[in-house]
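**Student:** When you get a sec, could you give me coordinates for this:
(one chain, ligands or ions: 1)
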Amino acid sequence: MENNFVYPPPQHFKENALVKDDTLYRRAAADRLNFWAEMAEGLDWFKKWDKVLDESDAPYYRWFVGGKLNVSYNCLDRHVNSFRRNKAAVIFEAEDGSNVTLTYYQLFREVNRFAAVMQQMGVQKGDRVVIYMPMVPEAVMAMLACTRIGAIHSVVFSGFSTEALYKRINDLGAKLLVTVDGATRRGKFIPLKENAQQAIEACGCIEKILVVRRLGNIVQMQPGRDYWYHELVGQVPLYCSPAEMDAEDPLFLLYSSGTTGTPKGILHTTAGYLVGVYTTYRYVFDYHEEDIFWSTSDIGWITGQSYIVYGPLANGATIVIFEGTPDYPQRDRFWEIIEKYGVTVFYTAPTAISTFMQWGTAWVKKHDLSSLRLLGSVGEPIKPDTWLWFYEHIGQKRCPIVDTWWQTETGMIMISPLPGITALKPGSATLPFPGVEVQIVDDQGRPLPDNEAGHMVITSPWPAMLRTLYNDPERYEKAYWKQFPGCFYSGDGARRDEDGYIWILGRLDDVINVSGHRLSTAEIEGALVRHTGVAEAAVIGRAHEIKNQAVAAFVTLKEGVLGTEELREELKNLVVKEIGAIARPDDIYFTAELPKTRSGKIMRRLLRDIAEGRALGDTSTLLDAEVIANIKKSYEGEG
Ligand code: WT7
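**Tutor:** Numbering: from 1, shown residues only. Here you go, the predicted model:
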């Protein structure tokens, strides 16, 4: 269970913190909309908003109605016109250890030209652009370039397979795809352009591919469709004026897994999103001008969008972008990077921390981590012992840890400490951010007393909230707003303790969380049943020491098909092909039948018991009894 230690902010941290008292909380509690309006003053607007929030068409909320602004202007131009002109914006560390630093002025130049290239290729305001790139500065440039001309970007994680990319491009009806010739991962070559090409040939909507030269490998270029970025960039003007965007113009789409086999195209819009990430970056990460901020996520995930790119750059921060992995060439790569650049704020996931714990402290001790002053965690519940290891060995008992709860849908951090004032409890994401309102409710939507676990809902709109699901408003309403009318349904379970601290318990729906990545059990099942030998499949997430959850699949085979070791491998590879390596099942159980309720619903709880070893073996008849009780309860529940 949780330990009972509480960690108040260290004195030295408190003294220098941006937030030293509870003013922000009090202002937000007194007048939430006015609080967000005050935060919005931190951005540059071409025209101020007329109204902070329009709820007349709920759940299609509109923020900063009537306001006009441009995201790339806020992330670049305004800094270039200030003392930050020559400040480092991006420090890029490539997998091979080579590195490049771009000042705000240089990044501004590059983004302008990138935007001009896209414009020249026919991209217009409202067009969808897919970005399928590794973690290189050009990926960030491509994103910012889209925002400059009002194109809607959708970054697809470069680890996703061709199939997964195809699904997303198709749903988007995207016109342009931006990619690289090739990438490396742990020194191994990945033919990104080739993957992308296969996906677009199946789609038909993509007119052009823009290829950034990364490795210099030979790729086939189809004249009239495929263009080298370096060939076009010399022919365009240096400046591309930022489009005046409406507050509610779409900014980007990011696909995320839901409870069905089809990924959800989560739509974020311009002003509310930027206000949300600008504000939360500033206060959660205690922004200081001289910080070197490193978030180890990938721009293919919301963490990368919000806290590698938009939040930090809107504030004029210096970010580290790392192309590689923590164990290549050796298991001290992260610590080496922190030492090399003097990283001050380090944001990562519990899975990574558990892995480092397993690798041992010798790797950490090789490096000077004294530049660190603040740590962050995101993506999964962090176990208290993992928290303590992070605190002791990485933060050297000097750095507060902000455990930040949020989702692709929320766009911005929703629950988190403010490191200068919040006393930390290991394993708790602590308190809602000022202006965010959260409630723990029972199945009927009734608020629960302290310490009782229930559904976590968000009871009022917040600026960076998703606006809809692309092409599927019905699903938007059903997935988030129908369960508990008037409230946003997060899908997570939680309890609130007697101090008001929130303890996230994990997903309550059929979404699983593997190494901080969200996967849909239905999507993996869909991949498995594509195999001609498979009759039926049920996928669950089972508890895993390092990865939070591991994918376990229960598969029934068609008559005459044998459950061999080869078939097991074949099925695992099929999932990799359909979705990507992150979804590869750890376990595949062949079973004659799947346990179901009378109405045919698979009893996942029972499968979880089996996969986690509770119902197996000779041990506890008590647990067996519990399983039986569960089956009975579900049958009764079905009436
Ligand atoms: C789900 C959202 C938001 C960035 C990465 C994941 C889980 C996220 C925490 C945390 C406990 C967390 C939740 C949430 N989650 N942060 N600090 N403590 N759980 O984004 O893919 O949209 O997944 O990640 O279950 O619902 P995502």
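
**Student:** Let me know the helix or strand that G324 is in.
**Tutor:** Here G324 is covered by no helix or strand, with elements defined by DSSP states H and E.

**Student:** now do D21
**Tutor:** Counting by DSSP H and E, D21 is part of no helix or strand.

**Student:** just checking, it touches T422?
**Tutor:** No. With contact defined as CB atoms under 8 Å, D21 does not reach T422; the gap is 11.7 Å. Where C-beta positions appear, they are placed from N, C-alpha and C, glycine not excepted.

**Student:** Stretch 433-452 and the ligand in contact?
**Tutor:** No. Stretch 433-452 lies out of reach of the ligand by CB under 6 Å from any ligand atom, never closer than 12.4 Å.

**Student:** What residue in this structure is the furthest from its centre?
**Tutor:** The outermost residue of the chain, judged against the average C-alpha position, is G560 (42.6 Å), by CA atoms, centre = their mean.

**Student:** Report pLDDT for that one.
**Tutor:** Listed pLDDT for G560 reads 94.

**Student:** One more: D609?
**Tutor:** 82.

**Student:** Please determine how far it is located from the ligand.
**Tutor:** Per CB to the nearest ligand atom, to the nearest Å, D609 is found 21 Å from the ligand.

**Student:** one step back: OK, contacts around the residue farthest from the centre of the chain?
**Tutor:** Listed by CB atoms under 8 Å, 6 or more residues apart in numbering, G560 has no contact partners.

**Student:** who in the stretch 351-500 of the chain is up against the ligand?
**Tutor:** 378-381, 403-408, 429, 490-492.

**Student:** Out of those, list just those in helices.
**Tutor:** If you go by DSSP state H, those have nothing in helices.

**Student:** thinking again about what came up before, looking at D21 and T422, which is more packed in?
**Tutor:** A count of neighbours by other CB atoms under 10 Å puts T422 above the other of D21 and T422, at 20 against 11.

**Student:** Pick out the residue of the stretch 201-350 of the chain closest to the ligand.
**Tutor:** T303 (4.5 Å; CB to the nearest ligand atom).

**Student:** In terms of helices and strands, where is that residue?
**Tutor:** Using DSSP H and E, T303 maps to helix 302-304.

**Student:** who's in contact with stretch 380-392?
**Tutor:** 2-3, 7, 349-351, 353-354, 356-357, 375, 377, 397, 399, 401, 403, 426-427, 504-506, 513, 515-516, 548.

**Student:** So among these, which ones count as buried?
**Tutor:** 7, 349-351, 353-354, 356-357, 375, 377, 399, 401, 403, 426-427, 504, 506, 513, 515-516, 548 (16 or more other CB atoms under 10 Å).

**Student:** Mind checking which of those residues land in strands?
**Tutor:** Taking DSSP state E as the definition of strands, the buried ones among the contacts of stretch 380-392 contribute 375, 377, 401, 403, 504, 506, 513, 548.

**Student:** buried sites along whichever helix or strand E336 is part of?
**Tutor:** Per DSSP H and E: E336 is located in helix 333-341. The neighbour-count check on helix 333-341 (16+ other CB under 10 Å) flags 333-339, 341 as buried.

**Student:** Kindly report the same for stretch 307-325.
**Tutor:** 307-324.

**Student:** Flag every residue of this structure that's near the ligand.
**Tutor:** So far as CB under 6 Å from any ligand atom goes, the chain lies against the ligand at 256, 302-303, 378-381, 403-408, 429, 490-492, 504, 506-507, 513, 516, 518.

**Student:** residues in contact with N34?
**Tutor:** Residues near N34 by CB under 8 Å, 6+ apart: 27, 52.

**Student:** Please name the residues that touch the nearest residue to D226 once chain neighbours are set aside.
**Tutor:** With CB to CB, 6 or more residues apart in numbering as the criterion, D226 has its nearest non-adjacent residue at 4.7 Å, and that residue is I209. Contact analysis of I209 by CB under 8 Å, 6+ apart lists 176-179, 193, 196-197, 200, 225-227.

**Student:** give me the beta-bridge partners of V534?
**Tutor:** With DSSP bridges as the criterion, V534 is bridged to L557.

**Student:** Which pLDDT value does the model give it?
**Tutor:** The predicted local confidence for V534 is 96.

**Student:** residues near it, how many?
**Tutor:** V534 has 21 neighbours, counted by other CB under 10 Å.

**Student:** Hmm, it is touching F554, no?
**Tutor:** No. V534 is beyond contact range of F554, at 11.0 Å (criterion: CB under 8 Å).

**Student:** Identify each buried residue in stretch 387-400, please.
**Tutor:** 387-391, 393-395, 399-400.

**Student:** Same question for stretch 282-291.
**Tutor:** Here stretch 282-291 shows 282-287, 291 as buried, counting by 16+ other CB under 10 Å.

**Student:** measure L254 to I302 for me?
**Tutor:** 6 Å (CB to CB, to the nearest Å).

**Student:** ranges for the strands of the stretch 351-500 of the chain?
**Tutor:** Secondary structure of the stretch 351-500 of the chain by DSSP state E, counting those that start in this stretch: the strands cover 374-378, 401-404, 438-441, 454-458, 468-469, 488-496.

**Student:** Mean pLDDT for those strands - can I get that in CSV?
**Tutor:** Shown next, in CSV, are the strands of the stretch 351-500 of the chain (pLDDT from 0 to 100):
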stretch, mean pLDDT
strand 374-378, 98
strand 401-404, 98
strand 438-441, 98
strand 454-458, 97
strand 468-469, 98
strand 488-496, 96
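
**Student:** Let me have those in TSV, adding distance to Q220 as columns.
**Tutor:** Formatted as TSV, the strands of the stretch 351-500 of the chain follow (distance: least, CB to CB, whole Å):
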stretch	distance to Q220
strand 374-378	39
strand 401-404	43
strand 438-441	52
strand 454-458	48
strand 468-469	35
strand 488-496	43
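
**Student:** With just CA atoms, put the helix or strand harbouring A164 into PDB.
**Tutor:** In this structure, A164 sits in helix 162-172 according to DSSP H and E. The C-alpha coordinates for helix 162-172 follow below in PDB (Å, rounded to 0.1, in the frame of the first residue of the first chain):
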ATOM      1  CA  THR A 162       2.000   0.900 -42.200                       C
ATOM      2  CA  GLU A 163      -1.500  -0.500 -41.500                       C
ATOM      3  CA  ALA A 164      -2.000   1.800 -38.600                       C
ATOM      4  CA  LEU A 165      -0.800   4.700 -40.600                       C
ATOM      5  CA  TYR A 166      -3.100   3.800 -43.400                       C
ATOM      6  CA  LYS A 167      -6.100   3.700 -41.100                       C
ATOM      7  CA  ARG A 168      -5.300   7.200 -39.800                       C
ATOM      8  CA  ILE A 169      -4.600   8.800 -43.200                       C
ATOM      9  CA  ASN A 170      -7.800   7.400 -44.600                       C
ATOM     10  CA  ASP A 171      -9.900   8.700 -41.700                       C
ATOM     11  CA  LEU A 172      -8.300  12.100 -42.200                       C
END
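
**Student:** between the next helix or strand after it and helix 162-172, how big is the angle?
**Tutor:** Moving toward the C-terminus from helix 162-172, the next helix or strand (DSSP H and E) is strand 176-180. Angle, strand 176-180 to helix 162-172, by axes from the mean of the first three to the mean of the last three CA atoms, to 10 degrees: 150 degrees.
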